[in-house]
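1. make a model of this:
(2 chains)
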Amino acid sequence: MHEEDFTVTHFLTHKIDRRQMIISAMAGAALLRSPRTLVAQDASPAAGEWTFTDDKGVTVTLPSQPERLVIDVNAAAPLWDFGIRPQALFGWNVLADGSFGDAGGNIDPEGIAIVGDVNERIRIEDLIAQEPDLIITVAWDLEDPKAYWSIDAELVDQVNAVAPVIAISTTGMADANTQRFAELAALLGADLETPELKSAEADYEAAIQRFKDAAAANSDLTALFLAPTPETVWVAYGPDWADLNMYGEFGLTIVEPDAEPGSFWEQISHEQALKYPADMVFISTRAESLSAEDMAKSPTWSKHPAVAAGQMYPWNQDFIQSYQGMADALNGIADATEAAEKVS
Amino acid sequence: MSSVIAPLPENAEAPVAPARWTRSALLLIGLGIMVGVMIVASLLSLRFGSLEISSQQARDAVFSYDDAVYEQVIVRELRVPRTLIALAVGGSLGIAGTVMQGVTRNPLAGPSILGVSAGASFGVTLAIYVLGVSTPSQFVWFAFPGAALAAIVVFGVASSGRGGATPVRLALAGVVVSALLASWTSALLLLSEETMDLVRFWSVGSVAGRPLDVLWGVLPLMLPAAIACLFLGQQLNVLSMGEESARGLGMNTTRVRLVASALVVVLTGSAVSVAGPIGFVGLATPHIARSLVGSDYRWVLPYSFLLGSILLVLADTAGRVAARPSEIQVGVVMAFIGAPFLIALARRRSVAN
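-> Sure thing, here's the model as predicted:
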């Protein structure tokens, strides 16, 4: 049996602990209990079947529309805006105090189970207890079949044994990804024609236009996206990020650090604060990041033209690919672009 | 225990002969040279780093500081603090290692042998996990009690039962307690990814981004302990003759060990509090010092302080230059340097015996 094989190979290749074995066994039991087909690559869906091909190219076919959804916070925030309510949440952005930071967007956690957090992204036992029909997350890497946000590579098989996993991209273009979230939400039963969503969509389109206008009117301004910590500073490499990539496409000049494509960042020391001059500095709003006040007080960063000019703005590195989420992000940057002076 | 190799000390009480005068004079001159080397190493640390600057700018930063010049700001605000921290931490670890090797008569002993480093790490990790402490300047207040408690437990375990705290019992108790604390630390880190993120940088050992306040906070403990260690030379010389001989000469060996170990705990605890655990400095420095000046602890101790400072400052500078535009933590650099050194040491006949 497949599950037994898994346990045995796992036992041979890893220093397995008993807990892992129990988890494997439970995952196997869950699979046996619900006799559904996981993946049917070529078969066209029969009547009543639910099918979706995700951004990694994985096609999931279920006997009916999935009801019990367990969703990573980064995927749940946009789906929430599209009207999808998760059964349970998990992932890196369920923080230790139970909040979601800026990744959570409009999610109201009332009554939603938590089956994983920053310390243990997904707890298989808790996941199984939710009896999910479908597990949804995002993907920063569409090529590697084991690369899912908030699901460690070695757990992917076990999680897939509980329920099929699908992922929407957070690379490429944020506007295209936003449409993908809309498609998925519609397939999951959301009504995209509500007045609220229609008005959100109009706001989003207006925000795109406004962003493009602001960028065109201030085309000499440059932007740097940072996640600074006390010991080291991470400089975002725009083409790897769906949001930054889209901003670039819409006319914002993003300073490109010396990074390998696919690495998302270049790591620099605080001594290198002036390596990338820019007119605007966007600082990650993650909890571990230095704040704008910290940067202004830093002996090195205070000499950076944008920091010295006070042209520092928040960047939600867990950008939310919904109409509301992207409209907020676009308007925030448009505000900054309209307000900032050329200083570098 | 007398089978443990113990370099024969020169008899300190011997009548002063002309030859000894010459030797002492030479060693004193050597000490002066070491101070010179330390100053040169510190200057290198100010001159070279992650960002390339000119010699002129480095000079100006020291002698005619202009805080409008970015390169000078880097020297003053980033490189001066980390150089001072590296000097203090390296010196403390160097002298603590020498005292530890003398007290335990074990050439492979380091300051961590009493469980001090493991205790400090556990203290910090526990503080982050339970109390949510997150800034390095707060880590000190948990590293220190952790280090002291670990050492007390080691002494307690080693001195229980008949025979008291012999070097072997101390070493064994230290290893056991260190292993226990290290596994508890790992358990906490596995439980909490957030703790891991915060501890990761600290637990590698680094002098970057540590505010000078942290150093000023521990200096009132560190400095007196280091000076006190310098006066232990005679006692360590006698101890190195072996337990029986030392007792025969009227020494209260248990008391000397206790005092010396307490000083090591203070030195290591404060060093670890500031920079996180940094390996190999305490182990390697005494050997380099002995190869330079022989086995007389009265000389080995001051030399090992200076050598420890020099070693750590140079290692930190190398780590900054090697990974531009980023940096390698000095703890990692020391591990790189230290591993081959340890192998060379183990291959030496005197130790293998």
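
2. list the buried residues for stretch A:271-290?
-> Residues A:271-276, A:278-286, A:289-290 are the ones in stretch A:271-290 that count as buried (16 or more other CB atoms under 10 Å in any protein chain shown). C-beta coordinates here come from the backbone N, C-alpha and C atoms, glycine included.

3. same question for stretch A:245-265.
-> For stretch A:245-265, a neighbour-count test (16+ other CB under 10 Å) marks A:245-248, A:250-257, A:259, A:264-265 as buried.

4. got a pLDDT number for the residue of chain A found nearest chain B?
-> Closest contact between chain A and chain B, by CB to the nearest CB, is at A:P299 (3.4 Å). With respect to pLDDT, A:P299 has a value of 91.

5. contacts only, for it.
-> B:73-74, B:76-78 (CB atoms under 8 Å, 6 or more residues apart in numbering or on different chains).

6. quick one: the residue of the stretch 51-200 of chain B found nearest chain A from A:S344, how far?
-> The nearest approach of the stretch 51-200 of chain B to chain A comes at B:E77, 3.4 Å away (CB to the nearest CB). Per CB to CB, to the nearest Å, B:E77 is found 22 Å from A:S344.

7. helices of the stretch 201-344 of chain A, start to end?
-> Under the criterion DSSP state H, counting those that start in this stretch, the stretch 201-344 of chain A contains helices at A:242-249, A:292-297, A:305-308, A:323-339.

8. low-scoring pLDDT stretches of the stretch 201-350 of chain B, where are they?
-> B:201-202, B:348-350 (pLDDT under 70).

9. so the residue of the stretch 51-200 of chain B closest to chain A belongs to a strand, correct?
-> No - the assignment for B:E77 (DSSP: H, G, I helix; E, B strand; the rest coil) gives helix, which keeps it out of a strand.

10. before we move on, back to that, JSON lines for the helices of the stretch 201-344 of chain A, including distance to chain B?
-> Output for these, formatted as JSON lines (distance: least, CB to the nearest CB, whole Å):
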{"stretch": "helix A:242-249", "distance to chain B": "20"}
{"stretch": "helix A:292-297", "distance to chain B": "11"}
{"stretch": "helix A:305-308", "distance to chain B": "11"}
{"stretch": "helix A:323-339", "distance to chain B": "25"}
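
11. which one of the ones you listed lies closest to A:K198?
-> Among the helices of the stretch 201-344 of chain A, the nearest to A:K198 by CB to CB is helix A:323-339 (9.5 Å).

12. quick one, that closest one and helix A:242-249 angle?
-> Per axes from the mean of the first three to the mean of the last three CA atoms, to 10 degrees, the angle that helix A:323-339 makes with helix A:242-249 is 50 degrees.

13. packing partners of helix A:323-339?
-> In terms of contacts (3 or more CB pairs under 8 Å, 6 or more residues apart in numbering or on different chains; DSSP states H and E), helix A:323-339 is packed against helix A:73-81, helix A:174-187, helix A:195-217, strand A:222-228, helix A:242-249, strand A:280-284, strand A:312-315.

14. quick one on the thing from earlier: overlap between the buried residues of stretch A:271-290 and the residues near chain B?
-> By CB under 8 Å from any CB of the partner chain, the members of those lying near chain B are A:271-272, A:274-275.

15. sitting in strands, which of the residues you listed do you find?
-> Among those, the subset assigned to strands under DSSP state E is empty.

16. would you turn those residues into JSON lines with pLDDT?
-> JSON lines is the format used below for these (pLDDT from 0 to 100):
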{"residue": "A:E271", "pLDDT": "93"}
{"residue": "A:Q272", "pLDDT": "94"}
{"residue": "A:L274", "pLDDT": "94"}
{"residue": "A:K275", "pLDDT": "95"}
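
17. next up, the contacts around the most centrally placed residue in chain A.
-> Residue closest to the average C-alpha location in chain A (CA atoms, centre = their mean): A:N74, at 4.1 Å. The neighbours of A:N74, taking CB under 8 Å, 6+ apart as the test, are A:91-93, A:103, A:137-138, A:149-150, A:170, A:318.

18. what's the answer for A:P145, then?
-> Applying CB under 8 Å, 6+ apart to A:P145 gives the contacts A:56, A:156.

19. is it true that it lies in a strand?
-> No - A:P145: not assigned to a strand; according to three-state DSSP it is coil.

20. domains of chain A: list them as residue ranges, please.
-> A:2-169, A:195-339 (automatic domain parsing).

21. figure out which of those domains is closest to B:A148.
-> domain A:195-339 (26.5 Å).

22. quick one: the closest one to chain centroid distance?
-> From the chain centre to the centre of domain A:195-339 is a distance of 16 Å (CA atoms, centre = their mean, to the nearest Å).

23. quick one: mean pLDDT over the helix or strand encompassing B:I152.
-> Following DSSP states H and E, one finds B:I152 within helix B:136-159. Mean pLDDT, computed over helix B:136-159, is 83.

24. excluding covalently adjacent residues, which one is nearest to B:Q235?
-> B:V256 (4.9 Å; CB to CB, 6 or more residues apart in numbering or on different chains).

25. I figured the one you found hits B:S240, correct?
-> No - using CB atoms under 8 Å, B:V256 makes no contact with B:S240, being 11.5 Å away.
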